[in-house]
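A.B. asks: I'll drop the sequence and a predicted model, then ask my questions.
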Amino acid sequence: MKKQNWYKLLYQFAIIGILTFMGFRLLFDKAYAPDFEAYCPFGGLQALGSYLTMDSLSCSMTSTQIMMGVVLFIGIVLFSRLFCGYICPLGTVGEWIGKLGDRLKVRITPKGFVDYALRLPKYALLFITFYFTLKSSELFCKKFDPYYAVVSGFDSDVVLLWALLAIVALVVGSLFVRLFWCRYLCPLGALSAIFKFSWWFLGV
């Protein structure tokens, strides 16, 4: 394994470890009330959008989350999918499940027309997510986000059917298709793809 992969694993284990600690702390500290959505920079980007268009912050978002969102956006422009591969818990879980798929020799990598066709839904989800967030000043992604559904215990903001479908897509899709969630369903993955070649466009 390359040395760089060890750095990646270190970041991934650190993020998963922190989230796990926050979850288990609930069992022993009844006064503890973690705000898992407060650590989502993608939510910060959506909150920035609603602030600019409606002069209001989505859900419990604050200026801290907006700054995290701005940093995320700058990171996307400069380093493409660095956040997705190193920090995002969904990207980490999908990658780890994919390694199991490789061991079982059941994972495939779609190519050609099939690959491009499967990429379209994430752009639709990106548009829908931002459209309804800006329209309602509520983080629309919470209704189906697998991460938020699990860490919140499927709270009232989660649409159960949508969340369950998303979780199944993440787990089953990652087992059989390389980077299924990140490549084909993730709105942030769509945003990363859009700005992947931004420096080339600016240069031109």
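C.D. replies: Structure's in. What do you need? Numbers count the residues shown, from 1 in each chain.
A.B. asks: mind listing what's buried in the strand or helix carrying F113?
C.D. replies: Assigned by DSSP states H and E, F113 belongs to helix 112-136. By 16 or more other CB atoms under 10 Å, the buried positions in helix 112-136 come out as L118, R119, K122, L125, L126, T129, F130, F132, T133, L134. (Glycine included, C-beta is placed from N, CA and C.)
A.B. asks: just the helices in this protein please.
C.D. replies: Counting by DSSP state H, the chain has helices at residues 3-28, 41-54, 63-79, 82-86, 89-103, 112-136, 146-151, 160-176, 180, 187-194, 198-203.
A.B. asks: thinking again about what came up before, packing partners of the helix holding F113?
C.D. replies: Applying 3 or more CB pairs under 8 Å, 6 or more residues apart in numbering; DSSP states H and E, one finds that helix 112-136 contacts helix 41-54, helix 187-194.
A.B. asks: so where's this protein uncertain?
C.D. replies: By pLDDT under 70, the low-scoring segments of the chain are 1-4, 34-39, 54-62, 77, 79-80, 197-204.
A.B. asks: hmm, try it at 80
C.D. replies: Residue ranges of the chain with pLDDT under 80: 1-5, 23, 26-83, 136-138, 195-204.
A.B. asks: Stretch 133-146: end-to-end distance?
C.D. replies: One end of stretch 133-146 sits 18 Å from the other (CA to CA, to the nearest Å).
A.B. asks: Buried residues of that stretch, list them for me.
C.D. replies: By neighbour count on 16+ other CB under 10 Å, the buried set for stretch 133-146 is T133, L134, S137, E138, L139, F140, C141, K142, K143, F144, D145, P146.
A.B. asks: Touching, the last one and A166? I think so.
C.D. replies: Yes: at 4.7 Å, P146 and A166 qualify as touching, with contact defined as CB atoms under 8 Å.
A.B. asks: hang on, the earlier thing: now the helix holding F113, how far from the centre of its chain.
C.D. replies: Helix 112-136 sits 13 Å away from the centroid of its parent chain (CA atoms, centre = their mean, to the nearest Å).
A.B. asks: Same question for stretch 110-119.
C.D. replies: Averaging C-alpha positions (CA atoms, centre = their mean) puts stretch 110-119 21 Å from its chain's average.
A.B. asks: can you pull the contacts of the nearest residue to R119 once chain neighbours are set aside?
C.D. replies: The spatial neighbour of R119 that comes closest, neighbours along the chain excluded (CB to CB, 6 or more residues apart in numbering), is Y184 at 5.9 Å. Y184 makes contact with L118, R119, P121, K122, G173, V177, according to CB atoms under 8 Å, 6 or more residues apart in numbering.
A.B. asks: how much space is there between Y184 and L82?
C.D. replies: Distance, Y184 to L82, by CB to CB, to the nearest Å: 20 Å.
A.B. asks: again, but for D29
C.D. replies: According to CB to CB, D29 stands 33 Å off from L82.
A.B. asks: What's the separation between F13 and A33?
C.D. replies: Counting by CB to CB, the separation of F13 from A33 is 25 Å.
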